[in-house]
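K.L.:
Sequence below, structure please.
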Amino acid sequence: MYMHKDIEIQMADARKPIGYWLKHLDLLIEGAFDRTLGEDDLSRRHWQILNTLARGPVTSAQLNAALEPFTGSDSGALGSVIDSLTLRGWVAAEADGRRALTPDGAAAHQRIHQNVNHARRLVMKHITFDEYAQAIDILQRMAAGLESTAA
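P.N.:
The predicted model follows:
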């Protein structure tokens, strides 16, 4: 029986495990963010810090906790990124030690946010919002299943 090459490729892709697709998608998202943020010489971590601080001032511990899914348990992973944002004049330490966006940082966040939204739309280019919501729900339940058995 003759199978069209595209069907063979689709069947081979369907046999790849979820871990493959999660890693592949994460690399693609990272690449899209690198291209989106590259004109400002920023990384995805820079954006994540700016976006977290746009919600309000936070302590270093709160910032590390918010970004831990991306940095792992390395609490020092964000130090150089925060330092570079501070040198740009976009982040400052408040009197109580919390980090906050400066007015220039808030303006940069607003400008960059538009570009990031474009990258996010690309992630959803071939799916509906309902499919996206279903995927998130499924991934959350899969994570919960593994978390409940973690020692």
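K.L.:
Tell me where the model's unsure across the protein.
P.N.:
1-13, 73-75, 151 (pLDDT under 70).
K.L.:
Repeat the analysis, applying 80 as the threshold.
P.N.:
1-14, 72-77, 150-151 (pLDDT under 80).
K.L.:
which residues in it form helices?
P.N.:
5-14, 18-38, 44-53, 60-71, 79-87, 103-123, 129-149 (DSSP state H).
K.L.:
quick check: angle from the second one to helix 44-53?
P.N.:
Here helix 18-38 runs at an angle of 80 degrees relative to helix 44-53 (axes from the mean of the first three to the mean of the last three Cα atoms, to 10 degrees).
K.L.:
In CSV, list the C-alpha atoms belonging to helix 18-38.
P.N.:
Below are the C-alpha coordinates for helix 18-38, written out as CSV (Å, rounded to 0.1, in the frame of the first residue of the first chain):
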residue,chain,number,x,y,z
ILE,A,18,5.0,14.5,24.9
GLY,A,19,8.4,15.3,26.3
TYR,A,20,9.8,15.7,22.8
TRP,A,21,7.0,18.2,21.9
LEU,A,22,7.3,20.1,25.2
LYS,A,23,11.0,20.6,24.7
HIS,A,24,10.6,21.3,21.0
LEU,A,25,7.9,23.9,21.6
ASP,A,26,9.9,25.5,24.4
LEU,A,27,12.9,25.9,22.1
LEU,A,28,10.7,27.4,19.4
ILE,A,29,9.2,29.8,22.0
GLU,A,30,12.6,30.7,23.2
GLY,A,31,13.7,31.4,19.7
ALA,A,32,10.7,33.5,18.9
PHE,A,33,11.3,35.6,22.0
ASP,A,34,15.0,35.9,21.2
ARG,A,35,14.1,37.3,17.8
THR,A,36,11.3,39.6,19.2
LEU,A,37,13.5,40.9,22.1
GLY,A,38,16.8,40.9,20.2
